[in-house]
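Trainee: Here you go, sequence then predicted model.
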Amino acid sequence: MPRHPRFSPPIEGMPSTVYSALAHRLSTMPGETYPLHVGDTWMDPPEGCHMEDLLTHEWAGMHRYAPVQGLPRLIDAIVERVRHRTGESIERANVLVTAGATGGLGAVIGALLAPGDEVIILAPYWPLIAGIVTSFHGKVVPVNLLAIHSADDLVAAIEGAITPRTAVLYVNTPNNPTGRVLPRRWIEACAEVARKHDLWLVSDEVYEDYVYEGEHAYARPYAPERTYSAYSYSKAWGMAGNRAGFVIGPASGMDQLRKVSTHTFYSTPTAAQIAAIRAYQDDRGPKWAAAAAAQYAVTGRKAAARLGVPAPEGSTFLFLDVRDHLDDRGLPGFLEQCVDSGLLLAPGPAFGPYPAHVRLCFTCSPPDVVLRGIERLAPLLGR
């Protein structure tokens, strides 16, 4: 029987909003408001890396398609940076420049999954990864990290979720939304499980520059033959609107990723790639990230202290359990209270099975604005 006018059932079942269904209300509120629901930065990119800094007579072809794999100068800069940071002996063939990490992870998942395949996702997770898996007709299988306290427990939880349809294990550290930095032993354990059960390992490392306590452990050195790692200039250097990032993976599989990227976003915006090239020059990007990380760390610690929760170890978020402050309206009622105070927070269910949590981003507005928003939130949490 013909399906028209039906849409794809998995897509119809996805929520139409991810971070807040109440965002429209903030635009009509008088006075200062605090949109802490989206993970972005209030800071502009490094000096000399703005779109207005790019001149067509200096960058021939800026308004044409870039090569599908990416601009050669950018790929070379990525290779050098990854070699320096991870110790890997990667080459150009290991790199795909993508339309942000979102486009990169879409290319990875699209290349790895057959319809009905399962992806084990360490939760809480970045919401768009669940949507990406669903869009490619896979099944999300969350493993709750909040209940895990050792590498052995992690291995047991992952292995308990594996079925004959499991194809991929997805890991995100520093973590969005919890602000947690997974210990090196845990990353090594994930690689061991992936190898033991012949799974692909997808490592989302977009917050690699934003570690405030401990160290960031790169996943690919533990299982390079099966690991795809995603990075983003959105998070690294404040270029979210540019839509540029990259994926590193086994050279033997990158052609499959390029097939997906070609048939979705074709190539990453050329001007965005040029801005990234400029950010590599004179270490503009790394210097910007170091300054941003210092400022983010201070704001994150102040916000956490005021709310009475542990300071973030990395990324740009706090994930708050608000169950003790919910009335009979549940989480929707609490989020309504927040909006009445000029606050937007992201609902916990967007990040997995967390009906009594909220996420806030402490970098999306200037620090003084964020901290005034925290002062609005604190009384709602009994602080």
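Mentor: Thanks, I have the structure now.
Trainee: alpha carbons only for contacts and neighbour counts from here, please
Mentor: Noted.
Trainee: would you list every one of the helices in the stretch 51-200 of the chain?
Mentor: 72-86, 100-112, 127-135, 151-161, 184-196 (DSSP state H, counting those that start in this stretch).
Trainee: Mind putting those into a markdown table with mean neighbour count and mean pLDDT?
Mentor: Below are the helices of the stretch 51-200 of the chain laid out as a markdown table (neighbours: other CA atoms under 10 Å; pLDDT from 0 to 100):
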| stretch | mean neighbour count | mean pLDDT |
| --- | --- | --- |
| helix 72-86 | 15 | 97 |
| helix 100-112 | 24 | 98 |
| helix 127-135 | 19 | 96 |
| helix 151-161 | 16 | 98 |
| helix 184-196 | 18 | 98 |
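Trainee: Could I get the contacting residues of residue 303?
Mentor: The neighbours of residue 303, taking CA atoms under 8 Å, 6 or more residues apart in numbering as the test, are 362, 371, 374.
Trainee: possible to save the helices of the stretch 51-200 of the chain as JSON lines with distance to residue 270?
Mentor: Formatted as JSON lines, these follow (distance: least, CA to CA, whole Å):
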{"stretch": "helix 72-86", "distance to residue 270": "11"}
{"stretch": "helix 100-112", "distance to residue 270": "13"}
{"stretch": "helix 127-135", "distance to residue 270": "24"}
{"stretch": "helix 151-161", "distance to residue 270": "40"}
{"stretch": "helix 184-196", "distance to residue 270": "34"}
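Trainee: Least confident secondary structure element in this protein?
Mentor: Each helix and strand of the chain was given a mean pLDDT (mean pLDDT, DSSP states H and E); the minimum falls on helix 23-26 at a mean of 69.
Trainee: Following element in sequence after that helix, please.
Mentor: Per DSSP states H and E, the first helix or strand lying C-terminal to helix 23-26 is strand 34-35.
Trainee: Now for residue 358, which secondary structure element holds it?
Mentor: strand 357-361.
Trainee: As PDB, could you dump the C-alpha coordinates of that strand?
Mentor: C-alpha atoms of strand 357-361 as PDB (Å, rounded to 0.1, in the frame of the first residue of the first chain):
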ATOM      1  CA  HIS A 357      17.000  17.500  35.300                       C
ATOM      2  CA  VAL A 358      17.700  20.800  33.500                       C
ATOM      3  CA  ARG A 359      20.800  22.000  31.700                       C
ATOM      4  CA  LEU A 360      22.200  25.500  31.700                       C
ATOM      5  CA  CYS A 361      25.000  26.900  29.600                       C
END
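Trainee: other SSEs contacting it?
Mentor: Here strand 357-361 touches strand 317-321, strand 346-347, going by 3 or more CA pairs under 8 Å, 6 or more residues apart in numbering; DSSP states H and E.
Trainee: The shortest one: partners in the sheet, and parallel or antiparallel?
Mentor: Sheet pairing here is set by DSSP bridges, and for strand 346-347 it gives strand 357-361 (antiparallel).
Trainee: Other residues contacting the helix or strand following the strand it pairs with?
Mentor: Counting by DSSP H and E, the element after strand 357-361 in chain order, helix or strand, is helix 367-377. Residues outside helix 367-377 that contact it (CA under 8 Å, 6+ apart): 33-34, 36, 299, 302-303, 306-307, 338, 341-343, 362-364.
Trainee: can you check stretch 193-208 too?
Mentor: With contact meaning CA under 8 Å, 6+ apart, stretch 193-208 is reached by 101, 112, 155, 158-159, 166-175, 190-191, 216, 218-220, 223, 226-232, 235-236, 314-315.
Trainee: do that again at 6 Å, thanks
Mentor: Under the criterion CA atoms under 6 Å, 6 or more residues apart in numbering, residues 167-174, 226-232, 315 lie in contact with stretch 193-208.
Trainee: Which one of the contacts of residue 303 is nearest to residue 129?
Mentor: Nearest to residue 129 among the contacts of residue 303: residue 362, at 21.6 Å, using CA to CA.
Trainee: what's the burial count for the closest one?
Mentor: Applying other CA atoms under 10 Å, we find 33 residues neighbouring residue 362.
Trainee: What residues does it make contact with?
Mentor: By CA under 6 Å, 6+ apart, residue 362 lies in contact with residue 316.
Trainee: Mind doing that once more with 8 Å?
Mentor: 36, 296, 299-300, 303, 316-318, 370.
Trainee: nearest to residue 55, of those?
Mentor: After measuring the contacts of residue 362 against residue 55 - CA to CA - the closest member comes out as residue 296, at 31.8 Å.
Trainee: Any chance of the backbone angles for the closest one?
Mentor: As for residue 296, its main-chain torsions (degrees, to the nearest 10) stand at phi -60, psi -40.
Trainee: Might you report the residue contacts of it?
Mentor: Going by CA under 8 Å, 6+ apart, residue 296 touches 316, 362-363.
Trainee: Give me the domain ranges for this protein.
Mentor: Domain ranges of the chain: 9-44+285-381, 57-282, per automatic domain parsing.
Trainee: Next one: the closest residue to residue 325 other than its chain neighbours relative to residue 338, how far apart?
Mentor: The shortest distance from residue 325 to any residue other than its chain neighbours is 6.2 Å, reached at residue 381 (CA to CA, 6 or more residues apart in numbering). Distance, residue 381 to residue 338, by CA to CA, to the nearest Å: 11 Å.
Trainee: Repeat that for residue 25.
Mentor: Taking CA to CA as the measure, residue 25 falls 11 Å from residue 338.
Trainee: Tell me which of these two has more neighbours.
Mentor: Comparing residue 25 with residue 338 by neighbour count (other CA under 10 Å), the higher total belongs to residue 338, at 18 against 13.
Trainee: Contact partners for the more buried one?
Mentor: 344-345, 377, 380.
Trainee: one step back: can you name the two of the contacts of residue 362 that sit furthest apart?
Mentor: 36 and 296 (14.0 Å).
Trainee: Was I right to think residue 284 contacts residue 46?
Mentor: Yes. The pair residue 284 / residue 46 is scored as a contact, 6.1 Å apart, by CA atoms under 8 Å.
Trainee: what helix or strand is the closest residue to residue 49 other than its chain neighbours on?
Mentor: What sits nearest to residue 49 in space, not counting adjacent residues and going by CA to CA, 6+ apart, is residue 275, at 5.0 Å. Taking DSSP H and E as the definition, one finds residue 275 inside helix 270-280.
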